[in-house]
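Participant: Just need the structure, nothing else, for what follows:
(chains A and B, ligands or ions: 4)
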Amino acid sequence: MGYILSKEGLNKILSALSKEYMIFAPKIFENGNKFSDLPLVRYGRVNSVDEIAFDAKSSNSFKETFMPISQTLFFFTEDAVKEADSPLAGQKGAIVFLRSCDIHALKRLDEIYLNNSEADYYYKRVRDKIKFVLLPCKEPFASCFCVDMQSNKTESYDASVEIDGENTVCIDCKNHEWDCFFKEAAQKVLPVTPSFVVETKTRVSVPEQLSAAQATALGFWAEYDGRCINCGRCNFSCPTCTCYTMQDLFYSDNGRAGERRRVWASCMVDGFTDVAGGGAYRKKNGERMRFKALHKVLDFKQRFGYTMCVGCGRCDDICPEYISFSTIINRLSGEVTQNGGE
Amino acid sequence: MEENNYLPFRSEVIDIIRHTKLEYTFKMAYNGAVLPGQFFEVSIPGFGEAPISVSGIDSGSVDLTIRRVGNVTGELFTRRPGGALFMRGPYGNGFAVGDYAGRELVVIAGGTGVSPVRGVITHFASQNSDAKKLTVIAGFKTPEDILFRKDFEAWKKRAAVILTVDKDEGNGGYPVGLVTEYIPKLDIQDLNTAAAIVVGPPPMMRFSTKGLIERGFKESNIWISQERRMCCGIGKCGHCKVNEVYICLDGPVFNFSRGRHLID
Ligand SMILES: Cc1cc2nc3c(=O)[nH]c(=O)nc-3n(C[C@H](O)[C@H](O)[C@H](O)COP(=O)(O)OP(=O)(O)OC[C@H]3O[C@@H](n4cnc5c(N)ncnc54)[C@H](O)[C@@H]3O)c2cc1C
Ligand code: SF4
Ligand code: SF4
Ligand code: FES
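Facilitator: Ligands and ions are numbered 1, 2, ... in the order given. Predicted coordinates:
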């Protein structure tokens, strides 16, 4: 059902919902940017419309709202383990505002955490309690290539919230539990279609016919040996990256109590593949770049039927070495065409 | 609510068998289905988790043969029978012994690589073996590094067993050389069906599979077991991924016709 309401109307709803839900949305943090004078946009808790950055892209993705960078799995003593409470314990759930490409990214997170063999207990525990609100995109950002990755449109949301002009809010609500809130605040009830981007400035062409062996044989990976500084920011900002590493810690040096955590990991960073006896796979940054790129556009698709990358452009925005992932995708297909697919 | 797949269970150390200074077998209490070639995530809270293959399966227990190399495995070696460890699993596909029934079978293993295939060898070296012929070629660094000595003696009754060492400064009486030297000399009746299993360090696996192909083995009749960094064992942490494959889920055992195309 679609609704037109005022900002005050939406604020009343947000404040009612915030009694039961934690609400997360992209927010502007003035002077928060370490690299320039520009403000930093990242996810944070919100309670009102004006706190939400409707016209900006968050540098980090929505995933950190419910897949924390570091998450305690359980507490232990020498001979017992005890599960850590859910971050949403005592709460009905959480509401996350996100864009169309992000909703497509969510499907990728679910694919790994819920479907790639058994469901991940900690992910599912939180995921089941989250509602998603679409922030429609009227215009693409410079680095976006969602249209070519087919992530520009979506219908998988509980509601969409779009600001039109000074004080008009357009809602498309698909969650029947919420209709009562909107009905009460609505100035008009009428069908609402959220805006979707249909054209982007950055374009990519994803290679269709490419084997891992062909892609590995391409000459250009070595260029990234020196250019990439394996900082991993491209992975940490990516809404589709899911890797983590286990970490145990004792609370004090001589204590026997502590906790096991999982922390985000990156296939670009040293140590990701280290095995006993000093062995490691993909020692060079170019090899890691190849691994990441093929995962995003080739092998995830071989396994699950669709590409992993959703074209949000965050990795391009954040790379301190100005390495462009969209360019890498195009180089892959360019080189493939040049070599006649061989 | 579903089961928490990360909470380990406590398991008692029933016995510890010392093979070498660096390698012990821990007999751990365990009731449940498990296949040779599968692995457990073994942990000591505060030190971390390590994936360890089952090297033996009995009713009420599993054997874990562990090489001391670092944090977790180092701490493991301070445990004594009667103590306990935490475990979760078993994970991975393991070896399906049915794949090798009725065939000539060659098992080539190096060092701790014997652990995951020990159950397969014991099965086919038993009195009611359903393999046509079993040959075991195992390589260790020096005579002091040889694991499962008693098993090798027992297997000799029903299998052709070749034990080699890389170096022998004393006179252990073992042939010095690489396992690969014995592959061209393998006496095989039917190369269409003859099966081989190769487990060991990456270079040893590379040269052994190459040798087997040259000897006339079919790619699809060779199986290998892979090791990669693993943090979860259930297809989530991403560390073990190669191409579209998750070693922890789709492996660690692979038919060579698939395994040879994996590019790290
Ligand atoms: C499927 C599988 C089966 C294995 N079976 C056996 C076995 O039967 N017996 C045996 O002794 N070893 C086995 N290993 C290797 C064993 O897991 C590592 O030796 C162990 O994790 C090292 O842990 P650590 O804490 O003692 O070492 P650390 O102090 O953590 O580090 C020592 C080295 O081990 C590497 N390492 C750390 N964690 C892992 C990990 N999770 N996976 C792989 N390497 C890691 C480190 O990068 C470092 O190079 C197996 C590995 C895999 C993947
Ligand atoms: S591509 Fe850029 S962001 Fe990614 S690891 Fe390399 S330098 Fe860091
Ligand atoms: S790879 Fe880059 S463009 Fe693609 S989804 Fe991840 S961050 Fe976005
Ligand atoms: S060990 Fe975590 S994905 Fe395989």
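Participant: For the residue of the stretch 51-200 of chain B found nearest chain A, which non-adjacent residue is spatially closest?
Facilitator: Here the stretch 51-200 of chain B gets closest to chain A at one residue, B:Val69, 4.3 Å apart by CB to the nearest CB. For every residue, glycine as well, the C-beta is placed using N, CA and C. Spatially, and ignoring its direct neighbours in sequence, B:Val69 is nearest to A:Ala276 (4.3 Å; CB to CB, 6 or more residues apart in numbering or on different chains).
Participant: A:Lys301 now?
Facilitator: A:Thr307 (4.9 Å).
Participant: Quick check: phi and psi on B:Ala138?
Facilitator: Backbone torsions for B:Ala138, taken as degrees, to the nearest 10, come to phi -130, psi 140.
Participant: To clarify, my last question referred to A:Arg290.
Facilitator: Main-chain torsions, A:Arg290, degrees, to the nearest 10: phi -60, psi -40.
Participant: what's the answer for B:Gly119, then?
Facilitator: Per degrees, to the nearest 10, the backbone of B:Gly119 is at phi -60, psi -40.
Participant: Now do the contacts for it.
Facilitator: Applying CB atoms under 8 Å, 6 or more residues apart in numbering or on different chains to B:Gly119 gives the contacts B:Leu35, B:Pro36, B:Gly37, B:Val54, B:Ser55, B:Gly56, B:Ile57, B:Phe95.
Participant: quick one: contacts for the residue nearest to B:Val69?
Facilitator: Applying CB under 8 Å, 6+ apart to A:Ala276 gives the contacts B:Arg67, B:Val69, B:Gly70, B:Thr73.
Participant: among the residues you listed, which ones are buried?
Facilitator: B:Arg67, B:Thr73 (16 or more other CB atoms under 10 Å in any protein chain shown).
Participant: Format the contacts of A:Ala276 as JSON lines; extra columns: secondary structure, distance to A:Phe132 and pLDDT.
Facilitator: As requested, those are exported to JSON lines (DSSP: H, G, I helix; E, B strand; the rest coil; distance: CB to CB, whole Å; pLDDT from 0 to 100):
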{"residue": "B:Arg67", "secondary structure": "strand", "distance to A:Phe132": "47", "pLDDT": "93"}
{"residue": "B:Val69", "secondary structure": "coil", "distance to A:Phe132": "45", "pLDDT": "91"}
{"residue": "B:Gly70", "secondary structure": "coil", "distance to A:Phe132": "42", "pLDDT": "90"}
{"residue": "B:Thr73", "secondary structure": "helix", "distance to A:Phe132": "43", "pLDDT": "94"}
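Participant: of all the contacts of A:Ala276, which comes closest to ligand 2?
Facilitator: The shortest approach to ligand 2 among the contacts of A:Ala276 belongs to B:Gly70, at 26.4 Å (CB to the nearest ligand atom).
Participant: Can you tell me, leaving aside adjacent residues, what's nearest to the closest one?
Facilitator: A:Ala276 (6.5 Å).
Participant: Next up, phi/psi of the one you found, please.
Facilitator: A:Ala276 adopts backbone torsions of phi -60, psi 150, taken as degrees, to the nearest 10.
Participant: Could you check the pLDDT of it?
Facilitator: We have a pLDDT of 78 for A:Ala276.
Participant: Next: the one 10 residues further on.
Facilitator: Each residue has a pLDDT score; the one for A:Gly286 is 95.
Participant: any idea which helix or strand comes after the helix or strand hosting B:Val198?
Facilitator: Following DSSP states H and E, one finds B:Val198 within strand B:195-199. Downstream of strand B:195-199, the first helix or strand assigned by DSSP H and E is helix B:202-215.
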